[in-house]
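Trainee: Sequence first, then the predicted structure, then my questions.
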Amino acid sequence: MDNVIRITSPRDDRVFIRVTHGHYVTANTHINYYVGTSDIKHNHDVSTDTAMLMAEYYNTRGIEVDTVLCLYETQALGAYLAHELSRPSMMSPNPKSNVFVIGPEYDAQGNMIFRDNLIRMIKDKRVVILISCITSGKTVDRAIESIGYYGGKVVGITAAFSAVNNIDGIEVNTIFTADDLPGYEIYDAHNCPLCQQGRHVDAIANGYGYSRL
């Protein structure tokens, strides 16, 4: 895409996202920025630095975590996050050493499901949901519902970027927010001013990436 802007975290300038202004369609909304988190998910050095920032939230609050549920290709990042959560630190000198890292499967209706061999990693476990970007929060809502169905408890939601502060009463632990993107807007798919102005859609976007139109 053209006019890509790199935005770095004030907490660590090695952690960054790439954003592009335009007209993008997601599963639930229209947005005027595409937020690229490919480096955070797939670049080893960026991922490890990102995981350190994410882990601070749980270590400083004394939140114990048993399982990291990874959405939209965040398994590598989830592994680094689990490593940070499971090693001793000043804030958490004796952490729980065993943190599971899992991803969901989806049925024909789009519901998150887990096979019998993975249920033990959710049932009676304290789960953190890890996702690259949150716009409306509906994907995370479904994950929370699924974890509850399988007997787990969500103790945290972590994202590289989030446009919302909390979901179902749970604070979102995020590195970048809408405040980092000047003029960031989320529009209802049926009442999008960009569509009403006749602006073409640049791309279809989801947690995996984007496809130009």
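Mentor: Looks like it arrived, so ask away.
Trainee: any low-confidence regions in this structure?
Mentor: Residues of the chain meeting the criterion pLDDT under 70: 1-2, 89-97.
Trainee: Restricting to C-alpha, output the biggest strand by length in the chain in CSV.
Mentor: Ranked by number of residues, the top strand in the chain under DSSP state E is strand 12-25. Output in CSV follows, covering the C-alpha atoms of strand 12-25 (Å, rounded to 0.1, in the frame of the first residue of the first chain):
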residue,chain,number,x,y,z
ASP,A,12,10.2,0.8,23.2
ASP,A,13,11.1,2.3,19.8
ARG,A,14,11.9,-1.2,18.5
VAL,A,15,8.2,-2.0,18.7
PHE,A,16,6.1,-0.6,15.8
ILE,A,17,3.0,-0.9,13.6
ARG,A,18,2.6,0.3,10.0
VAL,A,19,-0.6,2.2,9.3
THR,A,20,-2.2,3.4,6.1
HIS,A,21,-5.1,5.9,5.7
GLY,A,22,-7.9,4.9,3.4
HIS,A,23,-11.2,3.0,3.2
TYR,A,24,-11.2,-0.6,4.5
VAL,A,25,-13.8,-3.2,5.2
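Trainee: ok, Leu213 touching Ala205?
Mentor: No. Applying CB atoms under 8 Å as the test, Leu213 and Ala205 come out as separate, 10.7 Å apart. For the C-beta atoms, the positions are set from N, CA and C on the backbone; glycine is no exception.
Trainee: With neighbour numbers in mind, choose between those two.
Mentor: Taking other CB atoms under 10 Å, Leu213 and Ala205 do not tie; Ala205 has more neighbours (23 against 11).
Trainee: Assess the claim that that one and Thr26 are in contact.
Mentor: Yes. With contacts counted by CB under 8 Å, Ala205 reaches Thr26, the gap being 5.6 Å.
Trainee: Partner strands of the helix or strand following the longest strand of the chain, with direction?
Mentor: Reading on from strand 12-25 to the C-terminus, the next helix or strand found by DSSP states H and E is strand 29-36. Partners of strand 29-36 in the sheet, by DSSP bridges, are strand 12-25 (antiparallel), strand 186-188 (antiparallel).
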